[in-house]
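Enquirer: next comes the sequence, and after it the predicted model I'd like to discuss.
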Amino acid sequence: MKCSVFSIQLACVAAVSLCGCSVLPTLGEKRKNADVQTMHQVAPPAWSVSSVIKGDAATGWLDDFGSAPLRRLVDQAVAQNHDLRVAAAKVDQARAQARIAGADILPQLSTDFQSSRSQRASGQRFVGTGVRSNRFQWTADVSWEPDFWGRVRDQQGAAVADAEAAMADLHAARLSLAANTVKAAITLAAAEAEIQISDENVKRRRMHLGVLEKQLDRGLDPDRAALDVSLSRADLARAEATLASRKREADGARRSLEALLGSYPAGKESGLGGLPGMKRAVPAGLPSELLLRRPDLLAAERKLESAIRDESAAKKAFLPSFRITGDTGFSTEELAALLEKNAFIWSLAGSVAQNIFQGGRIKAGVEEAKARYAQALEQYASDALTAFKEVETALAAEAYLREQESALETAVTEAERSVKLALGQYERGLTEVLTLLDAQQRVFDARSALLAVKAQRLRNRADLHLALGGDFLAPKATMIKPWSAVSAARSGWW
C-alpha cells in the first residue's frame with residue numbers, strides 16, 4: 001500500500017516538474033513580435049491635428065464634464081447594462097477554456113472500483129454443477145502525455161491569450177458604454193433645451209398673433225392686417241409643429257438612455273437637467289502612444305498572439321507523441337482481503353505514436369492556422385488605422401466645433417438685436433410684418449443651432465476619450481490588468 005502511494009506521488013511530482021519544459025519554443029513567436037513592432041511604428045510621434053488651446057491634463061475623463069448626475073448615470077449603466085453582462089460572461093467562458101486547455105499538461109489520475117460474480121462448469125462428469133467465484137478490484141490509474149515538443153503548452157497559451165482578449169473586449173465594452181451613456185444623456189439634455197426654446201418661440205408667436213388680430217378687429221387697413229394675421233398664423237402653426245417634433249425627439253432620447261441604463265424604457269428618466277460644461281481643454285501635442293492602451297487594440301494584439309500559438313501547435317502535430325500509463329491497486333476474490341499485501345497489483349506502460357498518413361489533415365490544419373494568423377494580423381492593422389482615424393477626426397472636430405460655436409454666439413446676439421429693431425420699425429409702420437417674422441425666425445434658428453453645436457462639442461469630447469481609450473494622460477498600466485488566473489498560468493503552467 002505504501003509502495004503504491006509513493007509511486008503515484010513520485011510520478012505526479014515528476015510530471016509537475018517537467019510540465020514547463022519542452023524542447024521546442026513557440027514556433028513563429030519572433031515573426032509575430034516583428035509584425036507587432038511594425039504595427040507600432042506606423043504611429044506618428046504626435047497627432048497631426050493638435051489643439052491650440054492649452055490646458056492641464058487631469059485623470060478621470062468623466063471629470064472632464066464636471067457633472068455629478070452624469071457620473072450617476074454612467075455608474076448605473078456600468079452596473080446594470082445587459083450587453084456589458086454578456087461581455088463579462090464571455091470573459092468567464094474564456095477563463096474556463098484556458099483552464100481546460102492547461103489541464104492536459106498535468107498527469108490524469110483516476111480511481112476505479114469493480115466487483116463481479118461468475119460461474120463456470122466444473123466438468124463433464126457432474127453436469128449441472130459449477131464453480132462460482134467473486135472478484136473485487138480497486139485500482140488507481142495514471143496517464144500522462146509529456147508535452148515534449150510544447151504543443152499542449154502552445155494550445156494553452158492560445159487559450160490564455162483568448163481569455164486576455166475577452167477581458168480587453170470587456171474593458172472596451174465598458175468604455176464604449178460609458179461614452180454612449182454620456183452622449184445619450186447629452187442628447188436628452190439638448191432635446192429638453194430645444195423644447196424650452198421651441199415653447200418660448202410658440203408663446204412669442206401667439207402673443208404677436210394676438211396683437212395682429214386686435215388690429216384686424218379695429219378695421220385699420222384690413223387688407224394688410226388680414227395678410228399679417230394669415231402669415232402669423234402660418235408661422236405659429238409651424239412653431240407648434242416644431243415643438244411637437246422636439247417633444248418626440250426628447251421622448252426617444254429618454255427611452256434610449258433608459259435602455260443603456262438597463263432599465264425599462266418607460267420614458268421617465270429625469271436626465272441631467274441641462275447641458276454640462278467642459279472643465280478643461282484638450283492638451284496640445286497628445287502622444288500617439290496613448291493609442292496602444294485602447295482596449296480594442298489590446299484585444300486585437302492578444303488575438304494575434306492566440307493565432308500564432310495555434311499555428312505553432314498545428315505545426316508540432318507532425319512530431320511524435322509520447323504517452324505513459326500505469327495503474328496500481330488491489331485485486332482479490334474476497335472483499336475482506338482486498339487491502340492485504342498479497343492482493344497488491346501494478347502495471348506500467350509507455351508508448352510512442354507518430355502520424356504517418358491522415359489524408360493531408362495535419363497539413364491542412366497548419367495552412368488553416370496560418371490563414372487565421374494572417375487574418376488576425378490584417379485585422380490588427382485595420383483596427384489601428386481605424387483608431388488613428390477616430391482620434392484625428394475627433395481632434396479636428398474639436399477645433400471646428402469651437403469655431404462654429406463662436407460664430408453662432410455672434411449670430412444669436414445679432415439676431416436678437418435685429419428682432420428689437422424690426423419690432424420698433426413695425427410698430428412705427430416703417431417695415432412689413434414679414435420682416436419681423438423673418439427676424440424672429442432667425443433668432444429661433446440661431447439659438448437652436450447654437451444649442452446643437454454645444455451638444456455636439458460635448459458628444460465629440462466623449463468620442464475623443466473613447467478614441468484615446470480613456471483620459472488624456474492616463475497611464476497604460478491602469479487600463480487592463482491581467483486576471484489572477486492568467487497570472488497564475490504564466491507563472492506556474494508555463
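Expert: Right, received. Where do you want to start?
Enquirer: the helices in the stretch 201-350 of the chain, which residues?
Expert: 222-260, 295-316 (DSSP state H, counting those that start in this stretch).
Enquirer: closest one to Met207 among those?
Expert: Met207 lies closest to helix 222-260 among those, at 10.0 Å (CB to CB). In this view, the C-beta of every residue, glycine as well, is placed from N, C-alpha and C.
Enquirer: in that closest one, which residues are buried?
Expert: Using 16 or more other CB atoms under 10 Å as the test for burial, helix 222-260 gives 225, 227-229, 231-232, 235-236, 239-240, 242-243, 246-247, 249-250, 253-260.
Enquirer: so which of the helices of the stretch 201-350 of the chain is nearest Asp445?
Expert: helix 222-260 (10.3 Å).
Enquirer: and the strands in the chain?
Expert: Secondary structure of the chain by DSSP state E: the strands cover 108-121, 130-144, 321-332, 344-353.
Enquirer: still on that earlier bit, which one, of the helices of the stretch 201-350 of the chain, ends up nearest to Ser116?
Expert: Short answer: helix 295-316, nearest of the helices of the stretch 201-350 of the chain by CB to CB, at 42.1 Å.
Enquirer: next one: the closest residue in space to Lys90 that isn't next to it in sequence from Val182, what distance?
Expert: Closest residue to Lys90 apart from its sequence neighbours, by CB to CB, 6 or more residues apart in numbering: Ala166 at 5.2 Å. Distance, Ala166 to Val182, by CB to CB, to the nearest Å: 25 Å.
Enquirer: looking at the two, which is more packed in?
Expert: Taking neighbours as other CB atoms under 10 Å, Ala166 and Val182 compare with Val182 leading, 30 against 24.
Enquirer: excluding chain neighbours, what is closest to that one?
Expert: Spatial nearest neighbour of Val182, chain neighbours left out: Ala462 (4.4 Å); criterion: CB to CB, 6+ apart.
Enquirer: you'd agree that neighbour is up against Ala179?
Expert: Yes: with contact defined as CB atoms under 8 Å, Ala462 counts as touching Ala179 (4.6 Å).
Enquirer: more neighbours, those two?
Expert: More crowded of Ala462 and Ala179, by other CB under 10 Å: Ala462, with 24 against 21.
Enquirer: need the contact list for that one.
Expert: Ala179, Val182, Lys183, Ile186 (CB atoms under 8 Å, 6 or more residues apart in numbering).
Enquirer: is it possible to export those to JSON lines including distance to Leu468?
Expert: Shown next, in JSON lines, are the contacts of Ala462 (distance: CB to CB, whole Å):
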{"residue": "Ala179", "distance to Leu468": "11"}
{"residue": "Val182", "distance to Leu468": "14"}
{"residue": "Lys183", "distance to Leu468": "16"}
{"residue": "Ile186", "distance to Leu468": "18"}
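Enquirer: can you tell me which of these lies nearest to Asn355?
Expert: Using CB to CB, these come closest to Asn355 at Ala179, 50.6 Å.
Enquirer: before we move on, the earlier item: and of the contacts of Ala462, the nearest to Gln358?
Expert: Of these, the one sitting nearest to Gln358 (CB to CB) turns out to be Ala179, at 49.8 Å.
Enquirer: what about the closest residue to the closest one other than its chain neighbours, neighbour count?
Expert: Of all residues not flanking Ala179 in the chain, Leu466 sits nearest, at 4.0 Å (CB to CB, 6+ apart). Other residues near Leu466 number 22, with proximity taken as other CB under 10 Å.
Enquirer: for Leu466, which residues are in contact?
Expert: Leu175, Ser176, Ala179, Glu390.
Enquirer: from Ala226, how far off is it?
Expert: Taken as CB to CB, the span from Leu466 to Ala226 is 56 Å.
Enquirer: and what of Ser67?
Expert: Ser67 is 51 Å from Ala226, where distance means CB to CB.
Enquirer: so what's the residue lying closest to Thr111 once chain neighbours are set aside bridging to?
Expert: Using CB to CB, 6+ apart and skipping the chain neighbours, the partner closest in space to Thr111 is Ala140 (4.9 Å). Residues in a beta bridge with Ala140, per DSSP bridges, are Thr111, Thr328.
Enquirer: you'd agree Ala140 is up against Ser110?
Expert: Yes: the criterion here is CB under 8 Å, and Ala140 meets it with Ser110 at 7.4 Å.
Enquirer: ok, Thr431 - contacts?
Expert: Thr431 neighbours (CB under 8 Å, 6+ apart): Ala422, Gln425.
Enquirer: that'll do, ta.
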